[in-house]
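Asker: Sequence and predicted structure, then a few things I'm wondering about:
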Amino acid sequence: MITPDIVYGHKMGMALTMDLFQPRANVNGAALLFMVSGGWRSNWTAPEKAAAFFQPMVDKGFQVFAVRHGSSPKFSIPEIVEDVKLAARFVKSNAGKYGYDANRLGVYGGSAGGHLSLLLGTTGDAATRVQAVVAYFPPTDLRGWVSEDPNANTNYPALRFSPAKAPDCSPLLQVTPDDAPSLLIHGDKDTLVKLEHSEKILAAFKEKSVPAELIVIPGAGHGFRGEDEVRARTAMLAWFEKYLAAR
């Protein structure tokens, strides 16, 4: 069952929207946020066409919210982070309406979506806290990437903001003992977001005794295909089933 274009907030006279994909049977009482973000661009796709992508999660009984944020190039990462926190706040506060447990909320995404997922997992407060994170090949430290130079980051204009704000937007630097259990999945041939991003935040999680694991997929680059995609999705579902199970 699909509920399209749920409005979770407004900015600059525009609606911020998400689509909801719900199981018709075997509902497990947990919900997932999917960060619709690649290069911090958040594009609209007809939910009927996107449904197959979310079907494995729905088949396991999860409700899935596909969250669209204010998109690059109009908005920079600090503004985008505020959008996804607003989305998490909306989902938690509307748990009764949609029929899931507000304290059994997970978040996942790949690349920029993985980065935003980890920020929710490491910086959430009582109103936005998630209980589990899965991040595919995520940037975790933006220092050195961020610049206010209008000629910099031509492919990723969301990175054009004050370098002084980069630490606050770097999950690696936000790790604390109360963070959500986090699964990282990364290819060892990724040349866009190097494996060290996941390795470093894994070490930070371990130092703070946060449950965390890193799955390294040999030969995979920035994106998974075929058997690699199946392996990653299977691990993701197992992680969410483990940490979002009813207590």
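Answerer: Alright, I've got the coordinates.
Asker: Show me what counts as buried in stretch 71-85.
Answerer: Within stretch 71-85, the residues scored as buried using 16 or more other CB atoms under 10 Å are 71-72, 75-77, 79-81, 83-85. C-betas here are computed from N, CA, C, even on glycine.
Asker: Out of these, flag the one nearest to Ala132.
Answerer: Val84 (15.7 Å; CB to CB).
Asker: got the contact list for the closest one?
Answerer: 33, 35, 67, 69, 116, 119-120 (CB atoms under 8 Å, 6 or more residues apart in numbering).
Asker: And Val133, by the same measure?
Answerer: Applying CB under 8 Å, 6+ apart, the residues near Val133 are 106-108, 117-118, 120-121, 180-183.
Asker: Of those, which pair is most distant in space?
Answerer: Leu120 and Leu183 (14.0 Å).
Asker: count of residues packed around the nearest residue to Met12 once chain neighbours are set aside?
Answerer: Spatially, and ignoring its direct neighbours in sequence, Met12 is nearest to Gly70 (8.0 Å; CB to CB, 6 or more residues apart in numbering). Gly70 sits with 20 neighbouring residues when counted by other CB atoms under 10 Å.
Asker: quick check, Gly70 in a helix?
Answerer: No - with DSSP: H, G, I helix; E, B strand; the rest coil as the criterion, Gly70 is located in coil rather than a helix.
Asker: Let me know the pLDDT of it.
Answerer: At Gly70, the pLDDT value in this model is 94.
Asker: Following the chain onward from the strand ranked longest in the chain, which element is next?
Answerer: Secondary structure of the chain per DSSP state E: the longest strand is strand 2-11. Per DSSP states H and E, the first helix or strand lying C-terminal to strand 2-11 is strand 14-21.
Asker: Report all helices and strands that that following strand contacts.
Answerer: If you count contacts as 3 or more CB pairs under 8 Å, 6 or more residues apart in numbering; DSSP states H and E, strand 14-21 packs onto strand 2-11, helix 47-59, strand 63-68, helix 77-93.
Asker: Kindly recompute the last result at 6 Å.
Answerer: Strand 14-21 sits against strand 2-11, helix 47-59, strand 63-68, with contacts defined as 3 or more CB pairs under 6 Å, 6 or more residues apart in numbering; DSSP states H and E.
Asker: and the angle from the helix or strand that that strand is followed by to strand 63-68?
Answerer: Where DSSP H and E defines the elements, the next helix or strand beyond strand 14-21 is strand 31-36. Using axes from the mean of the first three to the mean of the last three CA atoms, to 10 degrees, the inter-axis angle of strand 31-36 relative to strand 63-68 is 30 degrees.
Asker: Off-centre distance for strand 31-36?
Answerer: Offset of strand 31-36 from its chain centre (CA atoms, centre = their mean, to the nearest Å): 6 Å.
Asker: between it and helix 77-93, how many degrees?
Answerer: Here the directions of strand 31-36 and helix 77-93 differ by 160 degrees (the same axes, to 10 degrees).
Asker: Drop anything exposed from the contacts of Val84.
Answerer: Using 16+ other CB under 10 Å, the buried ones in the contacts of Val84 are 33, 35, 67, 69, 116, 119-120.
Asker: how about the residues you listed in CSV, adding distance to Met12?
Answerer: Shown next, in CSV, are those (distance: CB to CB, whole Å):
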residue, distance to Met12
Leu33, 22
Met35, 21
Val67, 18
His69, 13
Leu116, 20
Leu119, 22
Leu120, 22
